[in-house]
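J.: Need coordinates for the below:
(chains A, B and C)
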Amino acid sequence: MFALCDCNNFYASAERLFRPELQGKPIVVLSNNDGCVIARSEEAKACGIRMGDPEFLVRDLIKKFQINVFSSNYVLYGDMSERVMHQLGRWFPRLDVYSIDEAFGWLGGINNLNSYVPKIRTAVVQNTGIPVSIGVAPTKTLAKLANKLAKKYNGVLVLDTDEKIASAVKDFPVHDLWGVGRQYYKKFEALKIETVAQLREMPEMWFKQNMTIMGQRMYNELWGRPAIPLDEIREATKGITVSRSFRNYIESPEILSEALTLYASRLAEKLRAQGLRCMYLQVFLYTNKNREDHPQHFPSHTHKLLIASNSTTDLVSIAVKVAQKLFKYGIKYRKAGVIATGLIPESELQLNIFSDHDGGKKDTVSAVLDKLNLAYGRGTLRMATEGFEKKWRLKHEYLSKGYTTRWSDIIKVI
DNA sequence: TCTGGGGTCCTAGGACCC
DNA sequence: TCTGGGGTCCTAGGACCC
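T.: Got it, this is the predicted structure:
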């Protein structure tokens, strides 16, 4: 049996944990750039705020109901996530951390699930302050479904018989099913398929033909035959991305270079932190697709390096050069990013006879950079092309403190 | 005026190799 | 008139996830 444990309204719950006076009050958390709503407390949901709503469209609601607004504080959420996962690890022989606020646990060999599982929930809430819901079923897909239903009950739902599964899928809307997005939902809608019970009565071939191999897996999972295994040890990541929207449109190549310098620097830091180098560096630019009156431009280019690298100077110079080629005058760019792929462990560096390997000088420079920035704060030492004004940088007006990760922000009990 | 960021997997086609 | 089979790498796009 699989369990899916999911933190309730995770970001909102994490913010509220350190502001106990907000207990019972509506809270929303905004995406980067304070763009749209990405988490809501139950109270905020009741005020009519929907997931993904742009902040400027719900500003009136926020004012009217005095909703507490937070910019996203990923350092805080990351730290709280680690605590929750650590607690879960004590209860499951095998744990597959699926996202910042979710994990699949394996419950093989455990009897009395109906008394065991509620204990997990109680322990996590007690030891971390974060409320969780747990759904249990024979497959991951059904465990996700059970989890959604659990939120409506007492936070726990165990589907351990065919009868319980049948009754759970009976009225469960297909668009809430794991693996069903907008496109697949359209197909179902056309066939008047509204519930999961109706969906799983379709022939297996139909799934395969209409939803590729993913659909075939879904079919088996819905009938209680596991097709998606527990993924305990995450395989090495395939790519690492750093991308951000700009606060204002960028229309000049010089300003674009500043942004790309920062993004590529962050990317190099991420690579070094994970002990990786990349063979390919992809650069992309986006315009605002929500503005039909703006000319659109979504250029992208992948550059192949001669030698795999994670050096800030290498990646910055490539990113800036590529971006200059992609850039066109007269276009309003609102987002850019860099993606590192072809990742190899630092220790497996392959040299190229045609290139001028520097014998590790760049590695030394990078190491000094990391050391200084760790000691004195990120950005203490940086590339000059990053600029000084940075008018394009993110907006986060409602940022909470680093309650668990900064000495100066730790809560004082007086 | 203002609409996130970071991922995964699958499919298909073209270039190139032997 | 009729021109192989099998493979890799890369790109691009589409679908999905949180």
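
J.: Buried residues of the longest helix seen in chain A, list them for me.
T.: Using DSSP state H, we find that the single longest helix of chain A is helix A:253-273. For helix A:253-273, a neighbour-count test (16 or more other C-beta atoms under 10 Å) marks A:255-269, A:271-272 as buried. Backbone N, C-alpha and C define where each C-beta goes, glycine included.

J.: mind listing the helices for chain A?
T.: Along chain A, the segments classed as helices by DSSP H run A:10-17, A:42-46, A:59-64, A:74-89, A:113-128, A:140-150, A:162-170, A:182-190, A:196-199, A:204-222, A:253-273, A:312-326, A:361-376.

J.: In a markdown table, list those helices along with distance to DNA strand B.
T.: Compiled in a markdown table, those are given as follows (distance: least, C-beta to the nearest atom of the strand, whole Å):
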| stretch | distance to DNA strand B |
| --- | --- |
| helix A:10-17 | 9 |
| helix A:42-46 | 16 |
| helix A:59-64 | 8 |
| helix A:74-89 | 9 |
| helix A:113-128 | 21 |
| helix A:140-150 | 13 |
| helix A:162-170 | 24 |
| helix A:182-190 | 12 |
| helix A:196-199 | 19 |
| helix A:204-222 | 4 |
| helix A:253-273 | 7 |
| helix A:312-326 | 13 |
| helix A:361-376 | 17 |
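
J.: Out of these, which is closest to residue A:106?
T.: Residue A:106 lies closest, by C-beta to C-beta, to one member of the helices of chain A: helix A:140-150, at 10.5 Å.

J.: Give me the contact list for the closest one.
T.: Here helix A:140-150 makes contact (C-beta atoms under 8 Å, 6 or more residues apart in numbering) with A:2-6, A:104, A:133-137, A:156-159, A:165, A:168-169, A:172, A:176-179, A:196, A:218, A:221-222, A:224, A:226, A:228, A:230.

J.: And these, which of them are buried?
T.: With neighbours counted by 16+ other C-beta under 10 Å, these contain buried members at A:2-6, A:104, A:133-137, A:156-159, A:165, A:168-169, A:172, A:177-179, A:196, A:218, A:221-222, A:226, A:228, A:230.

J.: do you know how far the residue nearest to residue A:399 when sequence neighbours are not counted is from DNA strand C?
T.: Excluding its sequence neighbours, the residue lying closest to residue A:399 (C-beta to C-beta, 6 or more residues apart in numbering) is residue A:71, at 4.4 Å. Using C-beta to the nearest atom of the strand, to the nearest Å, residue A:71 is found at 17 Å from DNA strand C.

J.: what pLDDT does residue A:71 get?
T.: Looking at residue A:71, its pLDDT reads 94.

J.: mind listing what residue A:28 touches?
T.: A:12, A:37, A:39, A:40, A:41, A:44, A:49, A:62, A:67, A:68, A:69, A:70.

J.: My guess is residue A:319 contacts residue A:282. True?
T.: No: Residue A:319 is beyond contact range of residue A:282, at 9.5 Å (criterion: C-beta atoms under 8 Å).

J.: between the two, what contacts are shared?
T.: Counting by C-beta under 8 Å, 6+ apart, the contacts common to residue A:319 and residue A:282 are residue A:338.

J.: Between the two, tell me which one has more neighbours.
T.: A count of neighbours by other C-beta atoms under 10 Å puts residue A:319 above the other of residue A:319 and residue A:282, at 28 against 18.

J.: Now that one: closest residue in space that isn't a chain neighbour?
T.: Excluding its sequence neighbours, the residue lying closest to residue A:319 (C-beta to C-beta, 6+ apart) is residue A:264, at 3.8 Å.

J.: in chain A, which ranges drop under the pLDDT threshold?
T.: Applying pLDDT under 70 to chain A flags the ranges A:349-357, A:359.

J.: If we use 50, what do you get?
T.: Chain A contains no residues with pLDDT under 50.

J.: Cross-reference the contacts of helix A:140-150 with the strands and report the matches.
T.: A:2-6, A:104, A:133-137, A:156-158 (DSSP state E).

J.: As CSV, these with distance to DNA strand B would be great.
T.: Conversion of the ones in strands among the contacts of helix A:140-150 to CSV gives the following (distance: C-beta to the nearest atom of the strand, whole Å):
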residue, distance to DNA strand B
A:2, 18
A:3, 21
A:4, 16
A:5, 18
A:6, 15
A:104, 14
A:133, 20
A:134, 22
A:135, 20
A:136, 24
A:137, 21
A:156, 26
A:157, 25
A:158, 28
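
J.: Now those in TSV, please, with extra columns for distance to residue A:347.
T.: Shown next, in TSV, are the ones in strands among the contacts of helix A:140-150 (distance: C-beta to C-beta, whole Å):
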residue	distance to residue A:347
A:2	36
A:3	37
A:4	36
A:5	35
A:6	37
A:104	31
A:133	42
A:134	40
A:135	41
A:136	41
A:137	42
A:156	45
A:157	46
A:158	45
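
J.: out of these, which one sits closest to DNA strand C?
T.: Within the ones in strands among the contacts of helix A:140-150, proximity to DNA strand C (C-beta to the nearest atom of the strand) peaks at residue A:6, which comes in at 7.3 Å.
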